[in-house]
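[1] Okay, sequence plus prediction incoming.
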Amino acid sequence: MIDQGLLAYLESFITDKRKETFNNVLNERTRHFTVVLEDIYQPHNASAVVRSCDIFGVQDVYAIENRFTNKVSRHVAKGSQKWLNINRYKEDGDNTKACLQDLRAKGYQIIGTTPHTNSCVLSDFDVTKKSAFVFGAEKDGISDYIKQEADGFLKIPMVGFTESLNISVAAAITLNDVTARLRKTNIDWKLSKEEQRVLYFQWIKNTIKNPDKLIEYYHKELQKS
């Protein structure tokens with residue numbers, strides 16, 4: 001439960017324009033789709049995907065770190081990581097399995113992205129189903145485990161000599177297509193009001209300087225009066 005008094009106090013440190021921007025962005029956020037990054041090596045690739053998630057309104061990113069640490073470059077991400085929930089799977093053990101289990105528990109179907117199978121063409125993909133799109137390592141693509149466990153596969157049609165797209169480009173094309181079509185449907189794809197309130201409070205804290213000190217002051221001093 002969010003302390004409304006604390007929220008109002010923290011809101012006093014940001015402009016009305018900023019608050020309006022937060023609410024407008026939250027109104028376009030979704031958890032109907034999410035993105036999974038499996039062992040992405042290059043920080044600029046992971047960062048570009050994070051940036052695309054923010055641009056196209058996808059709130060959550062799942063980073064599987066079996067072999068490589070998923071790093072975000074501030075220069076590429078342009079601060080977008082501040083507004084997303086990035087869930088990391090990096091403990092010893094089968095991180096991919098753990099991630100898929102969590103996603104399925106949240107109602108997601110697992111969609112591996114690969115041009116090398118009898119995949120569904122992007123334009124034919126059913127956007128009404130809650131889906132987690134898995135993008136694999138730069139050289140090898142999605143793991144064999146994903147290929148075995150996925151509920152389906154997705155590909156972007158290509159007619160040139162090159163057989164694959166850079167992961168960040170593939171993610172941007174995919175998210176642009178599926179979110180645009182999603183917004184034309186009648187399904188309830190938006191965040192709940194409670195989810196929006198939680199994110200709004202977090203974004204307020206992410207925006208102001210030294211939020212922990214302000215929160216401490218609020219609890220120690222302002223509530224005495």
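    Yes, it's here.

[2] Give me the pLDDT for Lys155.
    Each residue has a pLDDT score; the one for Lys155 is 91.

[3] Please parse the chain into its domains.
    The record's domain split for the chain, according to the TED database, is 1-29+190-224, 31-189.

[4] Show me the beta-bridge partners of the nearest residue to Asn27 once chain neighbours are set aside.
    With sequence-adjacent residues excluded and distances taken as C-beta to C-beta, 6 or more residues apart in numbering, Asn27 is closest to Lys190, at 6.9 Å. Every residue, glycine included, has its C-beta placed from N, CA and C. Lys190 forms beta bridges with Thr30, as assigned by DSSP bridges.

[5] gap between Lys190 and Gln196?
    For Lys190, the distance to Gln196 under the criterion C-beta to C-beta, to the nearest Å works out to 8 Å.

[6] got any residues that touch both of the two?
    Shared between the contact lists of Lys190 and Gln196 (criterion: C-beta atoms under 8 Å, 6 or more residues apart in numbering) are residues Asn27, Arg29.

[7] any idea whether Gln101 is helix, strand or coil?
    helix (DSSP: H, G, I helix; E, B strand; the rest coil).

[8] What's the per-residue pLDDT of it here?
    Note on Gln101: pLDDT of 96.

[9] Check the one 5 residues further on too.
    The confidence metric pLDDT takes the value 97 at Lys106.

[10] Check the one 10 residues further on too.
    In the prediction, the pLDDT value recorded for His116 is 73.

[11] ok, now Ile110?
    Taken from the predicted model, the pLDDT recorded for Ile110 is 98.

[12] With Asn206 instead?
    92.

[13] Touching, it and Leu84? I think so.
    No. Counting by C-beta atoms under 8 Å, Leu84 is not a contact partner of Asn206; they are 10.7 Å apart.
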